[in-house]
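**Student:** Let me see the structure of the following:
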Amino acid sequence: MSDMLHLDSLEHLTRPSVADQVFDALRAKILALDLPPSTKLSEVDVARQMGVSRQPVRDAFYRLSKLGFISIRPQRSTTVSQISTNAVMQARFIRAAIEAQTVRVACDKLTPADHAALRDLLDLQRAAMTAKDPLAFHALDDQFHRDLCERAGCGFAWEIIRENKSHMDRVRFLSLSFASQDAFGDHVAILDAIEARDAASAMSHMQLHLGRIRIQIERIRADNQSYFATEVPCIPDS
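**Tutor:** Got it, this is the predicted structure:
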């Protein structure tokens, strides 16, 4: 008997599974508020509408619940979670601490080729902003932050951020109707500082960029009270 390990092709392994596709579709609808907070979800209904079995839907629901996008109460109901202001502020706190250090490292490590690739990404952000396409802009915004981490050799940092930012994502998406120009300008300023290898400036601009959500969330809550959970603030505003 051969001891050789037989593996499927890489192409097969990297194709998204049905559960991945269901997860991606539901996450996009929750993020864009096509499925707003408190919307009830049913495995049976989602499976029927998407033309899949219930198992991949169940898997997607579990993943979404771990990220904080949905709330599953066994034998009762599954609903899209309300936005937690505390969770938003926790994510901002984590991101500000991690990403400030990431751009400090980026100032030393990024090459001219990295700078050029990030400039191309900013061009795509500008085009999405001009086209008034918030979903595309949000995806490119995420890509900018992820690419900064990865190009600085800190991909692990983005994994920590990604697992903690679901509530923040929805607030950021809601803010794009009035704050996309500020977000884009911040990205330009961050990259300018990185290219100049000015770590203090890069860190300051990143802190400013991620700190804007503290003001934006008040405006968004005033216009969308039903989207937010009622809770006692417990995160230091720093």
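**Student:** low-scoring stretches of the chain, by residue?
**Tutor:** By pLDDT under 70, the weakly predicted segments of the chain are 1-16, 234-238.
**Student:** can you map out the helices along it?
**Tutor:** 10-14, 18-31, 43-50, 54-67, 85-109, 112-130, 134-151, 155-162, 166-195, 199-211, 213-223 (DSSP state H).
**Student:** OK, contacts around the residue nearest to residue 175 when sequence neighbours are not counted?
**Tutor:** Excluding its sequence neighbours, the residue lying closest to residue 175 (C-beta to C-beta, 6 or more residues apart in numbering) is residue 216, at 4.4 Å. To be clear about C-beta, it is placed using only N, CA and C from the backbone, and glycine gets the same treatment. Residue 216 sits next to 171, 175, 179 when contact means C-beta atoms under 8 Å, 6 or more residues apart in numbering.
**Student:** which residues touch the first one?
**Tutor:** The contact partners of residue 171, taken as C-beta under 8 Å, 6+ apart, are 83, 88, 213, 216, 217, 220.
**Student:** can I get these in CSV with distance to residue 62?
**Tutor:** Below are these laid out as CSV (distance: C-beta to C-beta, whole Å):
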residue, distance to residue 62
83, 20
88, 23
213, 28
216, 30
217, 28
220, 28
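**Student:** just curious, which of these is nearest to residue 65?
**Tutor:** residue 83 (15.1 Å; C-beta to C-beta).
**Student:** Would you agree the closest one is in contact with residue 37?
**Tutor:** Yes: using C-beta atoms under 8 Å, residue 83 is in contact with residue 37, at 6.1 Å.
**Student:** hang on, the earlier thing: would you convert the contacts of residue 216 into TSV that also reports distance to residue 31?
**Tutor:** Formatted as TSV, these follow (distance: C-beta to C-beta, whole Å):
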residue	distance to residue 31
171	11
175	13
179	16
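**Student:** How about the spatially most central residue of the chain: what's its closest non-neighbour residue?
**Tutor:** Taking C-alpha atoms, centre = their mean, the centroid of the chain lies closest to residue 169, which sits 5.0 Å from it. The spatially closest residue to residue 169, leaving aside those adjacent along the chain, is residue 31, at 5.7 Å (C-beta to C-beta, 6+ apart).
**Student:** Mind splitting this protein into its structural domains?
**Tutor:** 14-80, 85-226 (automatic domain parsing).
**Student:** just to revisit the earlier point, quick one: which of the helices of the chain is nearest residue 78?
**Tutor:** helix 54-67 (6.2 Å).
**Student:** Using CSV, lay out the helices of the chain together with distance to residue 74.
**Tutor:** Below are the helices of the chain laid out as CSV (distance: least, C-beta to C-beta, whole Å):
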stretch, distance to residue 74
helix 10-14, 33
helix 18-31, 19
helix 43-50, 12
helix 54-67, 11
helix 85-109, 22
helix 112-130, 40
helix 134-151, 32
helix 155-162, 27
helix 166-195, 21
helix 199-211, 36
helix 213-223, 30
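**Student:** I appreciate the help and will end here.
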